[in-house]
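Participant: Sequence plus predicted model, see below.
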Amino acid sequence: MKYNDQTLRIFTWHIHGSYLFYLSQGNYDIYIPVNESKEEGYVGRGETFPFGDNVIEVPADQVKYLDFDVILFQTEKNYFVDQYDVLSESQRTLPRIFLEHDPPWDHPTNAKHPLQDPSVTLVHVTHFNKLMWDNNGLTTKVIEHGVMPSNSNYTGTLAKGIVVINNLPSRGRLLGLDIFEQVRKYIPLDLVGMGSENYGLGEVLHPHLPEFISQYRFFFNPIRYTSLGLAVCEAMASAMPIVGLATTEMAVTIKNGYSGFIHTDIDYLIKQMKTLLENPEMAKQLGQNAKSTAEEKFNIKRFTDDWETLFREKKAQNKTYLYN
């Protein structure tokens with residue numbers, strides 16, 4: 001989808017590097033603040049992701065002097081604290097979007113979203129997240145994940161499963177530490193991610209991850225309750241069969257016996273993992289089906305078009321408000 005209007009200027013914070021990288025594939029410029037302390041949101045471009053020229057660092061104390069079309073919040077801190085620290089009073093009246101990356105943590109069904117301003121559009125990354133949050137009657141949209149097509153070739157030659165989770169040992173039952181430990185008694189599993197040195201292989205930088213994991217027979221996601229991880233989407237794009245829990249958005253992302261196996265019975269999952277280890281051709285076929293699903297569901301052009309459409313709708317609404 002191409003537009004003749006001038007390039008949009010979006011201001012946001014660097015919160016989730018991989019998400020920002022995929023968001024930056026769109027037809028707009030993204031401005032992010034940077035400061036010397038480099039705390040969350042203020043790390044600038046960093047050195048992990050190959051951002052293009054449309055991701056522009058701005059010293060935090062200079063943000064208030066620039067012109068933007070839309071402000072994109074990604075955390076409560078962005079909304080309740082950061083905007084008052086870095087944005088001018090007039091910038092805080094610009095069209096605004098709150099991107100919610102997570103499901104509710106305080107209570108799975110009764111937690112009220114902290115956003116209450118009806119002039120701010122609330123965007124969820126999965127339909128499950130939207131379903132579980134009490135959205136306070138606000139205008140709410142879902143923009144499902146988008147990931148780049150993978151350049152890696154799945155081989156599955158390593159008869160093991162791979163788990164990709166940052167800081168799993170310290171995040172406990174929520175992300176399935178106990179499930180990982182239980183399954184590992186019966187199935188050879190490797191773990192990669194920050195903070196996994198004592199449980200696995202340590203961190204593999206994002207640009208190298210698709211090629212690294214493509215040698216494993218299957219991707220295992222032991223997470224009980226979280227948003228749909230981009231690592232799952234990326235593994236699907238790399239033609240890997242997925243094994244995981246039939247909870248959250250996973251329940252409508254993976255089709256049993258087609259793109260992998262999902263269930264709430266861990267013994268069932270262990271049985272299917274053994275089947276994949278014994279049948280590499282079956283694993284390869286499921287992986288191809290997972291890739292086809294990813295190409296349709298997580299298409300990067302659909303993702304960036306959805307975002308550009310929303311950005312332009314918000315900008316147009318603001319013009320209508322100003323001239324009426």
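Facilitator: That came through, no problem.

Participant: How many residues are close by Ile179?
Facilitator: Neighbourhood size, Ile179 [other CB atoms under 10 Å]: 20. In short, each C-beta sits where N, CA and C put it, glycine included.

Participant: tell me which element it is part of?
Facilitator: Under the criterion DSSP states H and E, the helix or strand holding Ile179 is helix 177-184.

Participant: what's near enough to touch the residue positioned nearest the centre of the chain?
Facilitator: Averaging the C-alpha coordinates of the chain gives a centre point, and the residue nearest to it by CA atoms, centre = their mean is Leu230 (4.4 Å). Counting by CB atoms under 8 Å, 6 or more residues apart in numbering, Leu230 makes contact with His16, Ser18, Tyr19, Tyr22, His145, Val147.

Participant: quick one: average pLDDT of the lengthiest helix in the chain?
Facilitator: Longest helix in the chain by number of residues, with DSSP state H as the criterion: helix 300-323. The predicted model gives helix 300-323 an average pLDDT of 86.

Participant: Kindly report the same for stretch 84-96.
Facilitator: When pLDDT is averaged over stretch 84-96, the result is 97.

Participant: give me the beta-bridge partners of Ile71?
Facilitator: Taking DSSP bridges as the rule, Ile71 bridges to Phe11, Arg96.

Participant: Test for you: state the pLDDT assigned to the residue lying closest to Leu8 once chain neighbours are set aside.
Facilitator: Taking CB to CB, 6 or more residues apart in numbering, and ignoring the residues beside it in sequence, Leu8 has Tyr28 as its nearest neighbour in space, at 3.9 Å. pLDDT, the model's per-residue confidence, is 98 for Tyr28.

Participant: ok now do the closest residue to Gly26 other than its chain neighbours, which residues does it touch?
Facilitator: Leaving out its chain neighbours, the residue that sits closest to Gly26 by CB to CB, 6+ apart is Thr304, at 3.3 Å. Contacts here follow CB under 8 Å, 6+ apart; on that basis Thr304 touches Tyr22, Leu23, Gln25, Gly26, Asn27, Gly146.

Participant: ok, the third one - contacts?
Facilitator: When contacts are counted by CB under 8 Å, 6+ apart, Gln25 is found next to Gly146, Met148, Ile300, Phe303, Thr304.

Participant: cutoff 6 Å now
Facilitator: Listed by CB atoms under 6 Å, 6 or more residues apart in numbering, the contact set of Gln25 reads Ile300, Thr304.

Participant: The fourth one too?
Facilitator: Counting by CB under 6 Å, 6+ apart, Gly26 makes contact with Thr304, Trp307, Glu308.

Participant: Can you add distance to Ser90 and give these back as JSON lines?
Facilitator: What follows is those, written out as JSON lines (distance: CB to CB, whole Å):
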{"residue": "Thr304", "distance to Ser90": "28"}
{"residue": "Trp307", "distance to Ser90": "24"}
{"residue": "Glu308", "distance to Ser90": "24"}
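
Participant: Show the secondary-structure elements that the helix or strand hosting Glu57 is packed against.
Facilitator: Using DSSP H and E, Glu57 sits within strand 55-59. Under the contact criterion of 3 or more CB pairs under 6 Å, 6 or more residues apart in numbering; DSSP states H and E, the helices and strands touching strand 55-59 comprise strand 28-34.

Participant: mind running it again at 10 Å?
Facilitator: Applying 3 or more CB pairs under 10 Å, 6 or more residues apart in numbering; DSSP states H and E, one finds that strand 55-59 makes contact with strand 8-11, helix 17-23, strand 28-34.

Participant: Quick check: which of those is nearest to Arg312?
Facilitator: Distances from Arg312 to each of the helices and strands packed on strand 55-59 were compared by CB to CB, and the smallest falls on strand 8-11, at 6.9 Å.

Participant: who touches that closest one?
Facilitator: Where contact means CB atoms under 10 Å, 6 or more residues apart in numbering, the residues beyond strand 8-11 that reach it are 23-24, 26-33, 54, 56, 58, 63, 66-73, 83, 86-87, 91, 94, 96-97, 307-308, 311-312, 314-315.

Participant: Produce a ChimeraX select command limited to the buried residues of those.
Facilitator: Buried members of the contacts of strand 8-11 can be picked out in ChimeraX with the line below, counting by 16 or more other CB atoms under 10 Å:
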select :23,24,26,28,29,30,31,32,33,58,63,68,69,70,71,72,73,83,86,87,91,94,96,97,307,308,311,312,314,315
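
Participant: any weak-confidence spans in the stretch 1-150 of the chain?
Facilitator: In the predicted model of the stretch 1-150 of the chain, residues 1-5 satisfy pLDDT under 70.

Participant: in it, which spans are helices?
Facilitator: Counting by DSSP state H, counting those that start in this stretch, residue ranges of the helices within the stretch 1-150 of the chain are 17-23, 76-77, 83-86, 127-132.

Participant: need these in JSON lines with distance to Thr155, can you?
Facilitator: Conversion of these to JSON lines gives the following (distance: least, CB to CB, whole Å):
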{"stretch": "helix 17-23", "distance to Thr155": "23"}
{"stretch": "helix 76-77", "distance to Thr155": "42"}
{"stretch": "helix 83-86", "distance to Thr155": "46"}
{"stretch": "helix 127-132", "distance to Thr155": "32"}
